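1. Pasting the sequence and the predicted model now:
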Amino acid sequence: MRVVREEPDLARFAATVADAMHSAQLSSVASDGLRVRTEPNGETRLVLARVSEEVSRVFTESLDELVSPPAAPRYVVPRYTLDPAGSATVAGWRVLLDHLRPDGEVWHAVPTVFGVNAGLVRHFTRGWHTWIGLGEPVYTGNPTGAGALAASAGMSPLDVTTVLRPSWA
């Protein structure tokens with residue numbers, strides 16, 4: 001059975017990447033080093049604290065790939081969704097059951113740094129299962145993955161715009 005928790009916010013996607021990087025030994029810091037700040041204008045700033053400039057670059061590029069329209073990833077992963085119109089009628093059940101059956105799916109690119117091989121994809125999958133949902137990555141070189149990638153071509157899995165800015169504190 002596929003289940004969906006609540007719709008994830010940007011911080012949960014960032015935590016997915018941070019934990020996957022830590023698990024794969026690409027970062028000494030996991031999601032506990034993630035700093036999230038929402039500006040008065042609604043802009044969300046995400047920082048992985050206490051890491052080198054290179055680790056920060058890999059983190060931000062990976063997060064950008066995860067929340068942007070899939071371009072040409074080696075793997076994609078589904079995020080199961082709920083119809084917002086129907087969610088008001090089941091809000092009480094959501095509280096009681098903590099999980100609901102999805103009525104749709106959105107495909108996200110597995111970031112390039114994890115798509116190198118199946119072992120690194122497993123690190124990403126653990127983070128995905130912890131923070132996002134139970135979707136399993138699919139290799140885009142097979143018919144299922146190619147179909148998922150074609151179906152999501154040019155479509156953004158989230159309604160966000162990312163801007164990557166290096167900064168030094």
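-> Done, it's in.

2. Return the set of buried residues in stretch 58-69.
-> 58-60, 62-63, 65-68 (16 or more other Cβ atoms under 10 Å). Using the backbone N, CA and C atoms, a C-beta is placed for each residue, glycine as well.

3. quick one, what contacts L48?
-> Each residue near L48 by Cβ atoms under 8 Å, 6 or more residues apart in numbering is listed here: 14, 18, 27, 29, 33-35, 55-56, 59.

4. Name whatever forms a beta bridge with it.
-> Residues in a beta bridge with L48, per DSSP bridges, are L34.

5. roughly how far apart are the residue nearest to the spatial centre of the chain and L158?
-> Centroid-nearest residue in the chain, with Cα atoms, centre = their mean: F13, separated by 3.9 Å. Separation of F13 from L158 (Cβ to Cβ, to the nearest Å) stands at 8 Å.

6. got any residues that touch both of the two?
-> Counting by Cβ under 8 Å, 6+ apart, the contacts common to F13 and L158 are V67.

7. quick one on the thing from earlier: in terms of helix, strand or coil, where does the residue nearest to the centre of the chain fall?
-> The three-state label given to F13 by DSSP: H, G, I helix; E, B strand; the rest coil is helix.

8. give the contact list for it.
-> Taking Cβ under 8 Å, 6+ apart, we find F13 in contact with 63, 66-67, 131-132, 158.

9. By pLDDT, give me the weakest of these.
-> When the contacts of F13 are sorted by pLDDT, the bottom entry is L158 at 74.

10. So that one belongs to a strand, correct?
-> No - counting by three-state DSSP, one finds L158 to be coil, located in no strand.

11. Please look at G145 and Y75 and confirm they touch.
-> Yes - contact criterion Cβ atoms under 8 Å: G145 and Y75 qualify, at 7.0 Å.

12. hey, what's in contact with both of these two?
-> With Cβ under 8 Å, 6+ apart, G145 and Y75 have common neighbours 138-139.

13. Name the residue in these two with the higher neighbour count.
-> Ranked by neighbour count (other Cβ atoms under 10 Å), G145 and Y75 place Y75 first, with 27 against 18.

14. ranges for the helices of the chain?
-> Using DSSP state H, the helices of the chain run over 10-23, 53-67, 84-87, 91-97, 118-131, 143-151.
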